[in-house]
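Peer 1: Turn this into a structure:
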Amino acid sequence: MTFSHSSFYFEMTEERDCEIWIPLNGENQHNNHHGSFRLAEGENILFDQSHEKSVKSSKGSSAAIGIDLGRLNNTINAMNGSDAATDHHLTKEGSVVLPLYMCGISFNQIFLNIFNQIDQLNGQQGALTISGIDEIIYRTLVLMMNKNLLEDHHINDRKDYGVRTEIRRLCEYLKSHLEDQINLTTMEKISGLSSRSLQYGFRKYFGCRPCEWLRNERLNLAKTKLTNSNDNMNITTLVYDLGFPSASLFSKYYKEKFGEKPSETLAKKKQRIAANAM
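Peer 2: Model prediction:
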């Protein structure tokens, strides 16, 4: 990922998959062998697969994010519930401008939130990896390229039965892999359900989103570990083992669910052990 906060001009002939260009302020002009593209803050981004290009900005700032087309293709398959081997021929368009607002969703705000989170993590590689920011970028891009995923579709009774069966199977898997790195794309691949069906199933059967369900299960496991472990439990280690991006966020969710901080649960366990030893 690259940011520019001043006027710039460059030419590039480097062999790479593609980038998305996001104007943060003002306007940018992109030229490549596919054509000339005007990008404006809050309006659109460029999905650019050209190997030779020139980019000019007379004012404002921009962000460029390198995209792995293989990973993008896999994410499209997972979110659509299609065969993992399906090739979506992402290279046929070359370059395409994508709007930052559609179906009532501000993708511009999503990207701004992503950049703000990157700033807050201050380049800490471990925290950046656990945060899943790269996954959010890929999934956001898939939504922008697949409008059908944003539309509400009716699910009939027969399909509903299939969704219920796959949700049950997925939940069994997740409960035995709570300490693995799991995201929405992983859930879609395991269940074989599209993004829409996965969200529908968890809303109907659990009243929450898939990631909320997974977070609650991880919090339950954390409470069990803090309450029952006989060794000196390290809360920071537990936080990252269960995939939370920060101790403060873990503590926030934990207190909301159990009415006390993780440190308070741990203190109660130590007091109990001390009392039993007397």
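
Peer 1: quick one, helices of this protein?
Peer 2: The residue ranges that make up the helices of the chain, judged by DSSP state H, are 69-80, 107-121, 125-131, 133-145, 157-175, 184-191, 195-206, 210-228, 235-241, 247-258, 262-277.

Peer 1: As JSON lines, those with mean neighbour count and mean pLDDT would be great.
Peer 2: Where you see a C-beta, it was placed from the backbone N, CA and C, and this is true even at glycine. Converted to JSON lines, the helices of the chain look like this (neighbours: other C-beta atoms under 10 Å; pLDDT from 0 to 100):
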{"stretch": "helix 69-80", "mean neighbour count": "19", "mean pLDDT": "90"}
{"stretch": "helix 107-121", "mean neighbour count": "15", "mean pLDDT": "88"}
{"stretch": "helix 125-131", "mean neighbour count": "15", "mean pLDDT": "77"}
{"stretch": "helix 133-145", "mean neighbour count": "19", "mean pLDDT": "91"}
{"stretch": "helix 157-175", "mean neighbour count": "15", "mean pLDDT": "81"}
{"stretch": "helix 184-191", "mean neighbour count": "20", "mean pLDDT": "91"}
{"stretch": "helix 195-206", "mean neighbour count": "19", "mean pLDDT": "89"}
{"stretch": "helix 210-228", "mean neighbour count": "17", "mean pLDDT": "92"}
{"stretch": "helix 235-241", "mean neighbour count": "16", "mean pLDDT": "86"}
{"stretch": "helix 247-258", "mean neighbour count": "15", "mean pLDDT": "92"}
{"stretch": "helix 262-277", "mean neighbour count": "13", "mean pLDDT": "80"}
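
Peer 1: between those helices, which gets nearest to N25?
Peer 2: N25 lies closest, by C-beta to C-beta, to one member of these: helix 107-121, at 11.2 Å.

Peer 1: Not counting the closest one itself, show me its contacts.
Peer 2: Judged by C-beta atoms under 8 Å, 6 or more residues apart in numbering, the contacts made with helix 107-121 from elsewhere in the structure are 1, 22, 24, 42, 45, 63, 99-101, 127-128, 131, 133, 136-137, 140, 143-144, 245.

Peer 1: how about a cut-off of 10 Å?
Peer 2: Among residues not part of helix 107-121, those counted as contacts by C-beta atoms under 10 Å, 6 or more residues apart in numbering are 1, 3, 20, 22-24, 41-45, 63, 65, 98-101, 106, 127-131, 133-134, 136-137, 139-141, 143-144, 245-246.

Peer 1: coming back round to it: format the helices of the chain as JSON lines; extra columns: distance to H33.
Peer 2: Shown next, in JSON lines, are these (distance: least, C-beta to C-beta, whole Å):
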{"stretch": "helix 69-80", "distance to H33": "18"}
{"stretch": "helix 107-121", "distance to H33": "27"}
{"stretch": "helix 125-131", "distance to H33": "34"}
{"stretch": "helix 133-145", "distance to H33": "21"}
{"stretch": "helix 157-175", "distance to H33": "44"}
{"stretch": "helix 184-191", "distance to H33": "32"}
{"stretch": "helix 195-206", "distance to H33": "34"}
{"stretch": "helix 210-228", "distance to H33": "41"}
{"stretch": "helix 235-241", "distance to H33": "45"}
{"stretch": "helix 247-258", "distance to H33": "45"}
{"stretch": "helix 262-277", "distance to H33": "56"}
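
Peer 1: between the ones you listed, which gets nearest to N28?
Peer 2: Closest among these, using C-beta to C-beta: helix 107-121, at 14.5 Å.

Peer 1: what angle sits between the closest one and helix 133-145?
Peer 2: An angle of 170 degrees separates the directions of helix 107-121 and helix 133-145 when computed by axes from the mean of the first three to the mean of the last three C-alpha atoms, to 10 degrees.

Peer 1: distance between stretch 64-72 and the chain's centre?
Peer 2: From the chain centre to the centre of stretch 64-72 is a distance of 14 Å (C-alpha atoms, centre = their mean, to the nearest Å).

Peer 1: end-to-end on that stretch?
Peer 2: End-to-end span of stretch 64-72 (C-alpha to C-alpha, to the nearest Å): 16 Å.
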